[in-house]
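**Student:** Give the three-dimensional model of this entry:
(one chain, ligands or ions: 1)
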Amino acid sequence: MQRILSAYAYGAGPRAGCWWDETCDLPKLNALQGDLSVDVAIIGGGFTGLSAALHLATQGVKVTLLEAQDIGWGASGRNGGFCCLGGGIAGDDALDSRYGRDARLGFRNAEKAAVLFVEETINRLGLDVDRHSKGETEFACRPKDMAGLAKMAKRTHENYGVEATVIDQSDLAGLGMTGGPAFFGALSIPIGFGLNPRKLLAGFALAAIDAGADLFAASPVLGVARNGHGHALKCPQGVVNAQQVIVATNGYSSEDIPIWLASRFMPVQSTVLVTRPLSNAELDAQGWTTEQMGYDSQNLLHYFRLMPDRRFLFGMRGAIRSGPRAEMKARQRTQADFRKMFPAWSTVEISNMWSGMVSLARKKLPFVGEIPASNGIWTAMCYHGNGVAMGSYAGKLVADMVLGRATGECPEVMTKPLTKFPLGRVRRMLLPPVYGQLMLQDRF
Ligand SMILES: Cc1cc2nc3c(=O)[nH]c(=O)nc-3n(C[C@H](O)[C@H](O)[C@H](O)COP(=O)(O)OP(=O)(O)OC[C@H]3O[C@@H](n4cnc5c(N)ncnc54)[C@H](O)[C@@H]3O)c2cc1C
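**Tutor:** Next comes the predicted model:
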């Protein structure tokens with residue numbers, strides 16, 4: 001596996017301290033031993049891979065999933081648990097000028113469909129995922145950001161078919177939404193909810209196994225080669241021969257699995273902290289009692305939510321470099337921003353901190369489809385830090401494509417193959433100037 005960050009980013013260091021690991025068990029899986037022949041092999045055991053496995057197995061397809069470490073090792077087991085709109089970061093105007101209004105509305109509709117897909121899956125499987133929050137709220141960090149939120153409110157009906165609520169600064173306290181250095185108002189969109197991602201992963205994995213999928217942990221795919229059967233996936237202790245392959249590795253992708261992916265994704269780190277449970281007095285002292293999940297209006301945003309067990313989760317961009325020192329600094333920065341934004345909790349114990357990787361695409365949109373000229377290698381990836389809903393949904397969409405039963409649900413803009421970033425394996429050098437520029441306009 002040729003990867004573009006140091007080995008540290010793919011090891012235990014950034015993951016150490018992940019709160020979700022303490023909240024529930026995942027099914028115990030064996031490593032692949034020996035050779036197998038299947039209809040479809042899936043590489044990667046996050047939301048994308050598991051959702052695809054569940055969908056395929058339910059349709060009677062012989063499917064095997066190979067995960068390098070364990071289910072949810074990647075971003076799916078370490079995210080903030082915002083099941084929300086998103087997946088791409090191309091704005092309305094950019095989508096309109098590049099693809100036209102209908103294509104933009106197709107993509108916005110898919111964002112909403114992704115949230116509904118997760119909701120329906122939770123209900124169908126009868127999962128308890130510690131759900132809370134009625135949609136999501138964006139908080140204005142500067143007075144002038146309210147104009148942007150007002151514009152977004154106008155577009156919300158057209159984009160998502162629901163009404164957004166603009167909240168004046170004077171109403172925030174009454175709603176239990178007082179950040180330290182005051183927010184200047186907010187905008188709520190009633191789509192999405194918070195959840196425990198590990199509980200959702202467990203639900204997907206158990207349902208996929210029940211439906212007949214074979215899931216393997218500790219089975220990294222070291223190479224993919226064409227053979228008479230389709231494709232041979234080489235693991236340390238066996239080979240899986242598959243007619244079709246789904247690559248579901250997102251931010252943990254390699255440049256060579258398959259080779260087409262080289263330079264076509266940008267891994268970016270994010271860091272999260274969780275406090276010990278807060279008392280009612282502590283919540284009142286800060287003026288933050290809402291269970292509404294939120295994020296701020298910064299370019300490099302913070303995301304935060306009070307969870308049903310009264311722990312507070314707070315996340316933001318992670319390190320650009322990878323390594324123990326960069327990770328330590330990212331955790332210090334996250335802690336400092338949390339204390340700045342919620343000063344009444346400046347001495348509250350932070351029980352857990354961790355980091356993980358998301359993936360960006362040059363065109364700022366996810367890709368779901370067949371890798372060109374691959375004869376049956378598919379992928380779904382690049383959710384730009386919003387893959388709880390979109391990754392789960394994209395797993396189902398790519399599974400439908402593999403079955404030849406694509407129903408037109410996948411918006412056109414998500415079927416356009418990923419294009420290359422400049423600078424090849426050192427493309428992360430593109431990030432510091434971009435981050436620097438964005439941070440210049442940010443308040444925190
Ligand atoms: C800190 C953090 C916070 C986030 N918060 C949110 C949030 O609140 N809401 C939201 O919507 N999104 C959030 N995201 C993004 C979201 O978690 C991801 O978009 C989503 O989980 C991607 O799922 P995936 O299955 O495509 O990839 P991943 O979950 O990253 O899974 C990829 C898997 O592939 C495996 N793999 C890689 N190479 C191989 C190989 N060669 N062989 C076998 N296996 C391999 C990896 O081990 C990994 O487990 C966050 C991400 C991070 C890191």
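
**Student:** Can you give me the domain boundaries for the protein?
**Tutor:** Following automatic domain parsing, the chain resolves into domains at 7-80+198-266+362-436, 132-193+267-359.

**Student:** and the residue nearest the centre of the chain, backbone torsions?
**Tutor:** By CA atoms, centre = their mean, the mean C-alpha position of the chain lies nearest to G387, the distance being 2.9 Å. With angles defined as degrees, to the nearest 10, G387 sits at phi -120, psi 0.

**Student:** Could you give the separation of the longest helix anywhere in the chain from the chain centroid?
**Tutor:** Ranked by residue count under DSSP state H, the longest helix found in the chain is helix 101-125. A distance of 15 Å separates the centroid of the chain from that of helix 101-125, by CA atoms, centre = their mean, to the nearest Å.

**Student:** got it, and stretch 161-176?
**Tutor:** 26 Å.

**Student:** Flag every buried residue along that stretch.
**Tutor:** Buried residues in stretch 161-176, counting neighbours by 16 or more other CB atoms under 10 Å, are found at A164, V166, I167, L172, L175, G176. (C-beta placed from N, C-alpha, C; glycine too.)

**Student:** now, among those residues, which is nearest to the ligand?
**Tutor:** Nearest to the ligand among the buried residues of stretch 161-176, counting by CB to the nearest ligand atom, is A164 at 19.1 Å.

**Student:** any idea of the pLDDT on that closest one?
**Tutor:** Looking at A164, its pLDDT stands at 97.

**Student:** Need phi/psi at it.
**Tutor:** Taking degrees, to the nearest 10 as the convention, A164 sits at phi -90, psi 160.

**Student:** what does Y10 give?
**Tutor:** phi -100, psi 10.

**Student:** how many neighbours does it have?
**Tutor:** For Y10, the neighbour count with other CB atoms under 10 Å is 23.

**Student:** Would you agree it is in contact with R3?
**Tutor:** Yes - at 6.2 Å, Y10 and R3 qualify as touching, with contact defined as CB atoms under 8 Å.

**Student:** Please pull up the helix or strand immediately following the longest helix of the chain.
**Tutor:** Using DSSP states H and E, the helix or strand that follows helix 101-125 towards the C-terminus is strand 136-139.

**Student:** partner strands of that following strand, parallel or antiparallel?
**Tutor:** The strands beside strand 136-139 in its sheet (DSSP bridges) come out as strand 185-189 (antiparallel), strand 293-296 (parallel).

**Student:** Tell me who's in contact with S355.
**Tutor:** P14, R15, R78, Q269, S270, T271, V272, G318, A319, E327, A330, R331 (CB atoms under 8 Å, 6 or more residues apart in numbering).

**Student:** Need the per-residue pLDDT for the residue of the stretch 251-400 of the chain found nearest the ligand.
**Tutor:** At 2.0 Å from the ligand, G387 is the closest residue in the stretch 251-400 of the chain, using CB to the nearest ligand atom. In this model, G387 is scored at 98, pLDDT.

**Student:** Isn't it up against G356?
**Tutor:** No - between G387 and G356 there is no contact under CB under 8 Å: 10.9 Å.

**Student:** what touches both of those two?
**Tutor:** With CB under 8 Å, 6+ apart as the test, G387 and G356 both reach A75, N79.

**Student:** Can you show me the helices along the stretch 1-150 of the chain?
**Tutor:** Applying DSSP state H, counting those that start in this stretch to the stretch 1-150 of the chain gives helices spanning 47-58, 92-99, 101-125, 145-160.

**Student:** Relative to the ligand, which of the ones you listed is closest?
**Tutor:** helix 47-58 (3.5 Å).

**Student:** now the angle from the closest one to helix 101-125?
**Tutor:** Per axes from the mean of the first three to the mean of the last three CA atoms, to 10 degrees, the angle that helix 47-58 makes with helix 101-125 is 70 degrees.

**Student:** The stretch 301-444 of the chain against the ligand: which residues are in contact?
**Tutor:** Within the stretch 301-444 of the chain, the positions near the ligand by CB under 6 Å from any ligand atom are G315, G356, M357, V358, M381, Y383, G385, N386, G387, V388, A389, G391.

**Student:** Return the mean pLDDT over stretch 418-429, rounded to an integer.
**Tutor:** 94.

**Student:** Adding mean neighbour count, mean pLDDT and distance to the ligand, write the helices of the stretch 1-150 of the chain out as a markdown table.
**Tutor:** A markdown table is the format used below for these (neighbours: other CB atoms under 10 Å; pLDDT from 0 to 100; distance: least, CB to the nearest ligand atom, whole Å):
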| stretch | mean neighbour count | mean pLDDT | distance to the ligand |
| --- | --- | --- | --- |
| helix 47-58 | 29 | 98 | 3 |
| helix 92-99 | 15 | 97 | 19 |
| helix 101-125 | 18 | 98 | 9 |
| helix 145-160 | 16 | 95 | 16 |
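
**Student:** okay if I get those as TSV plus distance to V368?
**Tutor:** Shown next, in TSV, are those (distance: least, CB to CB, whole Å):
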stretch	distance to V368
helix 47-58	9
helix 92-99	15
helix 101-125	9
helix 145-160	20
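
**Student:** Pop out the phi and psi values for M381.
**Tutor:** phi -170, psi 180.

**Student:** ugh, typo on my part, it should be W354
**Tutor:** phi -160, psi 170.

**Student:** And it, how close does it get to G294?
**Tutor:** Separation of W354 from G294 (CB to CB, to the nearest Å): 20 Å.

**Student:** can you give me the helices for the stretch 301-444 of the chain?
**Tutor:** Listed in chain order, the helices of the stretch 301-444 of the chain (DSSP H, counting those that start in this stretch) span 324-341, 388-402, 431-440.

**Student:** hmm, back to that, which one of the helices of the stretch 1-150 of the chain lies nearest to Y252?
**Tutor:** Nearest to Y252, of all the helices of the stretch 1-150 of the chain, is helix 47-58, at 10.9 Å by CB to CB.

**Student:** Please name every helix or strand in contact with the closest one.
**Tutor:** Packed against helix 47-58 by the contact rule (3 or more CB pairs under 8 Å, 6 or more residues apart in numbering; DSSP states H and E) you find strand 36-43, strand 63-66, helix 197-210, strand 377-381, helix 388-402.
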